[in-house]
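> okay, structure incoming, though there's no sequence with it:
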C-alpha cells in the first residue's frame, strides 16, 4: 500500500522530468551539453526519489512507533483496540463471504468506508512493516548506484 500523497507527488514530478527532458532534446543542439543536461536532470530525479523513499521510511517508522507504544501500554484497551477492530472486520467478511453463502442467509452490505478502514488497518501492520524493512535497503542501493 503506497502513500497516496507520495503517488500524486511522484507522478507529477515524473511528468515534469519527462517534459524537461523533451525540451532539452529539442532545444539543446550541442551533444555534449545535451548529455550534461540529461545527466543533471537524472541526478535531480534520483535525489528526489531518495527523498521520497526516506520520507516514506520516516512515516513507516512513526506508524510503527505508535503501534509499538500501544502494544506496550499498561491499558488493556490501548493494547487491544486495533486487534479487536480487525477481528470484527474479519468476522463481517467471513459472515458475508463464507457463512451467508453456505447457509443461504442474507449477507450484510459492506460500506465502501469500511473497506477503506480494512485496507488501512491491514496496511498499518503488513505493508507498513514491509516498507520499514525494505526502504532502507532500496535507499542504500540507489545511493550506491549514484556513486
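Good, I have the coordinates. Just so it is clear, the structure is predicted and the values come from calculations on it, not from any experiment.
> the strand or helix carrying residue 52: what's the following helix or strand?
With elements delineated by DSSP states H and E, residue 52 resides in helix 31-71, which encompasses its position. As assigned by DSSP H and E, the chain's next helix or strand after helix 31-71 is helix 76-94.
> for that next one, name the packing helices and strands.
Counting contacts by 3 or more C-beta pairs under 8 Å, 6 or more residues apart in numbering; DSSP states H and E, helix 76-94 packs against helix 31-71, helix 112-122. Yep, even glycine has a C-beta here, placed from its N, CA and C like the rest.
> by neighbour count, which bits of it are buried? Give me those.
Judged by neighbour count using 16 or more other C-beta atoms under 10 Å, the buried positions of helix 76-94 are 82, 86, 89.
> show me the contacts for the second one.
It stands for residue 86. Applying C-beta atoms under 8 Å, 6 or more residues apart in numbering to residue 86 gives the contacts 121, 122.
> residue ranges with poor pLDDT in this structure?
1-12, 123-133, 135, 146-147 (pLDDT under 70).
> can we see that at 50?
With pLDDT under 50 as the threshold, the chain has low-confidence stretches at 1.
> picking up where we left off before, tilt between the helix holding residue 52 and helix 76-94?
Our comparison of helix 31-71 with helix 76-94, counting by axes from the mean of the first three to the mean of the last three C-alpha atoms, to 10 degrees, yields an angle of 110 degrees.
> other SSEs contacting helix 31-71?
Using 3+ C-beta pairs under 8 Å, 6+ apart, helix 31-71 is in contact with helix 4-27, helix 76-94, helix 128-146.
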